[in-house]
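1. here is my input; please provide its structure:
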Amino acid sequence: MKKITLLSLLLTSSLSVLAQENKVKKDTTASSEYNKWTIEASVGQAKGVRPYSKGYFSSDPKTFFGKPQANSFSVGVRRMISPTFGFKGAFHYEELKNIKNNGSFPFKMQQFGVSLQGVANLNRLFSMQESLDRFLFLVHGGIKLDRMTSKTENIIENDHNYNQSELNGGLLIGITPEYRFSKRLSVFLDVTVQNNYRQHFNWDGTYTDVSDNLNGQ
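-> Alright, predicted model coming up:
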């Protein structure tokens, strides 16, 4: 009886050690299996929140979502230096204008820009990758540099700075829910807020008031 008990204890201990070794190997493999490089491309809507001169605005007060329009495009590359943290760079183009028949005077502002941002994988950060499975949540933030060009026709000489450009800079912060179809393909939704700190133009092309100068969103 003693021999059987000893044998049982040895077998149990061996299985326990084997299970622990397998778990360590599995966890190590899981943590190392991530895409270090990712190409991102997006199309969506950009809205100039402020500033505007009197009579100009981008929303439509008669609709809940303000008639979404595809006026923002970007392409970039993300590099993860670990399963949790990384950075990304991107090129951006936005064309901000009033919504047709929304009551605003017509305006158009074109914006070309580049951004550099840090990225954090919330799934890895809070150890939720197994429970969320194919869903992924990223947060990102950094800087963006833009070349803004007014395409609003002048009413009087140079009042809307038609075809005039300025360089602008600001900070970005956003969140990106993502769904993975496979290890190499996913679709994402991104919501980002940009605050500018060198913006002299209103979004309609006129110059801002002194109280709003160098500030835009």
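
2. ramachandran angles for D212?
-> Backbone torsions of D212, given as degrees, to the nearest 10, read phi -100, psi 0.

3. chain neighbours aside, what residue packs nearest to it?
-> P51 (4.2 Å; Cβ to Cβ, 6 or more residues apart in numbering). (Glycine included, C-beta is placed from N, CA and C.)

4. helix or strand: which one has that neighbour?
-> Assessed by DSSP states H and E, P51 sits outside every helix and strand.

5. any idea of the pLDDT on it?
-> Per-residue pLDDT puts P51 at 93.

6. from D209, how far off is it?
-> 7 Å (Cβ to Cβ, to the nearest Å).

7. out of those two, which sits in the busier spot?
-> P51 (22 against 10; other Cβ atoms under 10 Å).

8. which ones are touching that one?
-> P51 is in contact with 199, 202-203, 208-209, 212, 215-216, counting by Cβ atoms under 8 Å, 6 or more residues apart in numbering.

9. what bridges to F201?
-> Y207 (DSSP bridges).

10. how many neighbours does it have?
-> Neighbourhood size, F201 [other Cβ under 10 Å]: 24.

11. residues in contact with it?
-> 109, 148, 150, 161, 166, 207-208.

12. pretty sure M148 is touching Q164, no?
-> No - if you go by Cβ atoms under 8 Å, M148 and Q164 don't touch, sitting 9.2 Å apart.

13. which one of these two is surrounded by more residues?
-> Legend: neighbour count by other Cβ under 10 Å for M148 and Q164, higher for M148 (24 against 13).

14. secondary structure element holding the more buried one?
-> Per DSSP H and E: strand 135-150 holds M148.

15. now do the buried residues in that strand.
-> 136-138, 140, 142, 144, 146, 148-150 (16 or more other Cβ atoms under 10 Å).

16. who are the contact partners of the closest residue to F135 other than its chain neighbours?
-> Nearest residue to F135, sequence neighbours excluded (Cβ to Cβ, 6+ apart): Y179, at 5.9 Å. Neighbouring residues of Y179 by Cβ under 8 Å, 6+ apart: 134-136, 186-188.
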